[in-house]
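predicted model and sequence follow; I will ask about them next.
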Amino acid sequence: QNRELADFYTPWQTMNKTSPIASGAGWGKDYPDPLTFVGTLFDSESILPTGNTNVPLVGLTPELATAGKIADLPGRVLKGIPSVDADIDACNELLGAERNDCWVELDKKLMEEVVPWVPYLWANNNTVISEAVTQWEFDQFSGYTAWAHVAVDESKQSGL
């Protein structure tokens with residue numbers, strides 16, 4: 001792992017050391033479904049003393065605060081922290097258009113009522129493909145070329 005990223009993620013994912021904003025976090029989806037993002041980033045099950053991915057601490061309880069060594073927060077503050085666990089569970093039970101509609105509504109709820117969040121940077125990936133390439137696919141997981149699905153017509157290669 002890149003040393004700079006390791007140095008970034010250790011404090012960023014430690015509950016009692018994290019800051020309200022950071023410029024080093026990136027995210028790769030495991031599969032194309034909002035659960036990969038919302039479930040990991042906002043479910044209280046993701047609140048961990050170290051390795052925490054629920055950085056805004058949505059759904060934080062006094063017990064989780066104690067485990068994360070941030071129990072010095074006043075109890076009245078903890079009682080005011082909303083949870084979207086039930087919403088995530090409800091969306092995860094649905095299929096098709098109902099599932100998508102549920103995730104859209106949860107995204108609106110997160111933005112308007114819970115904790116507004118917007119990626120400040122969205123990377124673009126430009127891929128230049130030779131005329132010799134007869135098949136090319138994009139890998140949704142890595143965000144790059146799916147090398148196992150690239151074919152080249154040798155007769156069209158320039159012979160450089």
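Arrived safely. Only a predicted model underlies this, so the values are computations on that prediction, with no experimental measurement involved.

would you confirm that residue 110 contacts residue 83?
No - with contact defined as C-beta atoms under 8 Å, residue 110 does not count as touching residue 83 (11.5 Å). Using the backbone N, CA and C atoms, a C-beta is placed for each residue, glycine as well.

which SSE is residue 94 in?
Secondary structure assigned from DSSP states H and E places residue 94 in neither a helix nor a strand.

so how many other residues sit close to it?
The number of residues packed around residue 94, counting by other C-beta atoms under 10 Å, is 13.

give me the three-state assignment for the closest residue to it other than its chain neighbours.
Distances taken as C-beta to C-beta, 6 or more residues apart in numbering place residue 102 nearest to residue 94, at 5.3 Å, with adjacent residues excluded. The local conformation at residue 102, judged by DSSP: H, G, I helix; E, B strand; the rest coil, is helix.

state the number of residues packed around residue 102.
18.

and what of the one 3 residues further on?
Residue 105 has 13 neighbours, counted by other C-beta under 10 Å.

all helices of this protein, in order?
3-12, 40-42, 62-67, 75-79, 85-92, 96-109 (DSSP state H).

centre-most residue in this protein?
The chain has residue 37 as the residue nearest its centroid, 4.0 Å off, counting by C-alpha atoms, centre = their mean.

anything in contact with each of residue 110 and residue 83?
residue 58 (C-beta atoms under 8 Å, 6 or more residues apart in numbering).

measure stretch 112-126 end to end?
34 Å (C-alpha to C-alpha, to the nearest Å).

then stretch 146-156?
21 Å.

chain center to that stretch, what's the gap?
32 Å (C-alpha atoms, centre = their mean, to the nearest Å).

can you list contacts of that stretch?
By C-beta under 8 Å, 6+ apart, stretch 146-156 touches 130-139.

those residues in strands, which ones?
133-135, 138-139 (DSSP state E).

ok, of those residues, which one's closest to residue 47?
residue 139 (30.8 Å; C-beta to C-beta).
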